[in-house]
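Show me how the following folds:
(chains A and B)
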Number of protein chains: 2
Amino acid sequence: MDTRPIGVFDSGMGGLTCVRQMIRLLPGEDIVYFGDTGRVPYGGRSVETIVRYARQDVSFLRSFDLKAIVIACGTVSTTALDVLKGENDLPILGVVQPAAKAAVKASKSGNIGVIGTKATIRSGAYEAAIRALLPEATLTAKACPLLVPLVEDGRVHRSDLVTERVVEEYLAPVKAAGVDTLVLGCTHYPLLMDVISDYMGAGVTLIDTGEEAARAAAALLTNEDQLNDPARNGLRRYYASDSAEDFAATAKLFLGKDISDRVERVAIENY
Amino acid sequence: MDTRPIGVFDSGMGGLTCVRQMIRLLPGEDIVYFGDTGRVPYGGRSVETIVRYARQDVSFLRSFDLKAIVIACGTVSTTALDVLKGENDLPILGVVQPAAKAAVKASKSGNIGVIGTKATIRSGAYEAAIRALLPEATLTAKACPLLVPLVEDGRVHRSDLVTERVVEEYLAPVKAAGVDTLVLGCTHYPLLMDVISDYMGAGVTLIDTGEEAARAAAALLTNEDQLNDPARNGLRRYYASDSAEDFAATAKLFLGKDISDRVERVAIENY
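As a prediction, the model looks like this:
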């Protein structure tokens, strides 16, 4: 049994979709979450800046004695995972490998779509991971720079005409390619699941990268015999680089519950 | 004659709409511009974070010996101007006062609209400045959180259906209020001038806050006899907190010319 907490981070709030699944799958685990809300979004920034921010995020999380870190952010997972792994002596999981595995498993035709931020699509990381598992895959990748601002603005519902219009525009070429599986390559996107699913149709399987990363973390800890007592109630602490009140207010949308007494602010530029 | 440069800053690229006007009105002036592209956008962040970032921006600019600073950012002007003025012993101009003056001058009916980021509209600064000049003004203010992401994504043209749809949604209540003047309370918005003007109609005067701030800076330097030789060609230097190459590429959209040999990167968190 390993009672140390798991560290999880994201550029902002999106990683909470992963935390939600971790709480479901790993109820006994303590979790320390960091959301870089003072510098969100990462997806349009340069590789150099994304790597610098990700190093600070990890450095803050490592002020706790952790057993593993989950990068619950598509942009960091596709752009900085190897650098972070090379510099740290604890297991670090990104969202790419688990999502690629799930996509290959779900797809019958091998015709798979990937959506993500500009940095994510520029990296080609999802395509590479899928091709490594399924060399004959047909892949269609599309950068969707406005989806994170839409989610951060709370515009995630079916009736939102702007969101519907943006989703339609981004996904038209992916739909036209005839994919049977679509990787939501950013942890913000599961909040748009309804709108995306309506547009793509019931025949297309959507892969929730946060959920797959949570599943991979559960498998890792089980295999390494590093689980905490599953009968206990895990303690979750949340840190943000902008206002703790604002974080708690938006977190409700992602977690479906009030966490306002468990959020603290961090001066991330000091890490 | 005062040969010292003028400092100008913004959360990102938007302030270049002001620089463009400054170059036109004050061709002999040296300008040092800082764009916080590593942390843009500011408009959805807390007051505390906006003030902290603005202090660092000013601290970097003051590493030069300046004669004045222009805050070419609606969010910082409405949220942190008084704090910055109190802490610095050189003239600091924001975009609010010049825009309020221009709006009151342009409006025949006193029925005026204001659009800006969440932080800007939350501050009420434009409304207060307009009411101080015209107590009987009828004001309609509307936060437009998606406009900065749209401009940063380059989606500024008439044919963009998403941009048209977003502008229509935000401006519908402003149009319904029957305003004859609309303050574009964010220095990103002049790039959307065509789309906004099409929707509002020819009878509505649009106030470009960057242009008004440039005019106010010209008036200040003229009154204080602090102009540089207007016959010379001013030297302009640009600094950004994310990639210099990315800054130069997007700057073309704002300035209409190539500045790639005059951009440097700054580690703003060290200021």
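
For stretch A:141-156, which residues meet the burial criterion?
Of the residues in stretch A:141-156, A:141-153, A:155-156 count as buried by neighbour count, 16 or more other CB atoms under 10 Å in any protein chain shown. The C-beta positions use only the backbone N, C-alpha and C, and glycine is treated the same way.

quick one, what contacts A:Leu227?
A:Met1, A:Asp2, A:Leu26, A:Gly28, A:Glu29, A:Leu221 (CB atoms under 8 Å, 6 or more residues apart in numbering or on different chains).

My error: substitute A:Ala72 in the last question.
A:Ala72 neighbours (CB under 8 Å, 6+ apart): A:8-10, A:14-19, A:95, A:187, A:210, A:213.

Try it again at 7 Å.
For A:Ala72, the contacting residues are A:Val8, A:Phe9, A:Asp10, A:Gly15, A:Cys18, A:Val19, A:Val95, A:Thr187, A:Gly210, A:Ala213, by CB atoms under 7 Å, 6 or more residues apart in numbering or on different chains.

Quick check: residues of chain A near chain B?
Selection of chain A residues close to chain B by CB under 7 Å from any CB of the partner chain yields A:38-39, A:44-46, A:48-49, A:145-146, A:149, A:152-153, A:161-162, A:165-166, A:169, A:242-243, A:246, A:269.

Can you tell me which of the residues you listed end up in helices?
A:Glu48, A:Thr49, A:Pro149, A:Glu152, A:Leu161, A:Val162, A:Arg165, A:Val166, A:Glu169, A:Asp246 (DSSP state H).

leaving aside the residues next to it on the chain, what's closest to the first one?
Counting by CB to CB, 6 or more residues apart in numbering or on different chains, the nearest residue to A:Glu48 once its immediate chain neighbours are dropped is B:Ser243, at 6.5 Å.

coming back round to it: for the contacts of A:Ala72, which entry has the maximal number of neighbours?
With neighbours taken as other CB atoms under 10 Å in any protein chain shown, the top of the contacts of A:Ala72 is A:Val95, carrying 38 neighbours.

Find the nearest non-adjacent residue to that one, please.
Per CB to CB, 6+ apart, closest to A:Val95 is A:Thr209, 4.0 Å.

now A:Gly15: how far from chain B?
Taking CB to the nearest CB, to the nearest Å as the measure, A:Gly15 falls 18 Å from chain B.

separation between the nearest residue to that residue once chain neighbours are set aside and B:Ala68?
Spatially, and ignoring its direct neighbours in sequence, A:Gly15 is nearest to A:Ala72 (3.1 Å; CB to CB, 6+ apart). Per CB to CB, to the nearest Å, A:Ala72 is found 45 Å from B:Ala68.

Could you tell me how many residues sit around the residue nearest to A:Glu48?
With other CB under 10 Å as criterion, B:Ser243 counts 18.

Repeat that for A:Pro190.
24.

backbone phi and psi for it, please?
Torsion angles at A:Pro190 (phi, psi; degrees, to the nearest 10) stand at phi -60, psi -20.

A:Leu93 now?
Taking degrees, to the nearest 10 as the convention, A:Leu93 sits at phi -110, psi 130.

check contacts around it.
A:Ala68, A:Val70, A:Ile71, A:Ala213, A:Ala216, A:Ala217, A:Leu220.

Double-check the first one against A:Ile6; I have them as touching.
Yes. In this structure, A:Ala68 sits in contact with A:Ile6. The criterion is CB atoms under 7 Å, and the distance is 5.3 Å.

okay, these two: which has more neighbours?
Per other CB under 10 Å, whichever of A:Ala68 and A:Ile6 has more neighbours is A:Ile6, with 30 against 20.

Can you show me the helices along chain A?
Using DSSP H, helices in chain A cover A:16-25, A:47-61, A:74-79, A:81-87, A:96-106, A:118-123, A:125-133, A:147-152, A:161-176, A:193-200, A:209-223, A:244-255.

what angle do the second one and helix B:244-255 make?
Angle of helix A:47-61 versus helix B:244-255, following axes from the mean of the first three to the mean of the last three CA atoms, to 10 degrees, is 120 degrees.

For helix A:47-61, list the C-alpha coordinates in PDB.
The C-alpha coordinates for helix A:47-61 follow below in PDB (Å, rounded to 0.1, in the frame of the first residue of the first chain):
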ATOM      1  CA  VAL A  47       6.800  25.000 -27.600                       C
ATOM      2  CA  GLU A  48       9.400  26.800 -25.500                       C
ATOM      3  CA  THR A  49       6.800  28.500 -23.400                       C
ATOM      4  CA  ILE A  50       4.700  25.400 -23.000                       C
ATOM      5  CA  VAL A  51       7.800  23.500 -21.800                       C
ATOM      6  CA  ARG A  52       8.800  26.200 -19.400                       C
ATOM      7  CA  TYR A  53       5.300  26.400 -17.900                       C
ATOM      8  CA  ALA A  54       5.000  22.600 -17.600                       C
ATOM      9  CA  ARG A  55       8.300  22.500 -15.700                       C
ATOM     10  CA  GLN A  56       7.000  25.000 -13.200                       C
ATOM     11  CA  ASP A  57       3.800  23.100 -12.900                       C
ATOM     12  CA  VAL A  58       5.700  19.800 -12.100                       C
ATOM     13  CA  SER A  59       8.100  21.600  -9.800                       C
ATOM     14  CA  PHE A  60       5.100  22.900  -7.700                       C
ATOM     15  CA  LEU A  61       3.500  19.500  -7.600                       C
END
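
name the helices or strands packed onto that helix?
Applying 3 or more CB pairs under 7 Å, 6 or more residues apart in numbering or on different chains; DSSP states H and E, one finds that helix A:47-61 contacts strand A:6-10, strand A:31-35, helix A:74-79, helix A:81-87.

Can you give me the distance of the residue nearest to A:Glu48 to B:Tyr33?
16 Å.

Repeat that for A:Lys252.
For A:Lys252 relative to B:Tyr33 (CB to CB), the value is 39 Å.

Looking at these two, which one has more neighbours?
Between A:Lys252 and B:Tyr33, counted using other CB under 10 Å, B:Tyr33 has the larger neighbour count: 28 against 13.

ok, back up a step: now the residue nearest to A:Gly15: how far from A:Leu61?
12 Å.

which residues are in contact with both of the two?
A:Phe9.

how far away is the closest residue to A:Ser109 other than its chain neighbours from chain B?
Nearest-residue entry for A:Ser109: A:Asp180, 4.9 Å, with adjacent residues in sequence omitted and distances by CB to CB, 6+ apart. Distance, A:Asp180 to chain B, by CB to the nearest CB: 27 Å.

same question, A:Val51
Taking CB to the nearest CB, one finds A:Val51 at 12 Å from chain B.

and that residue, how many residues sit next to it?
15.
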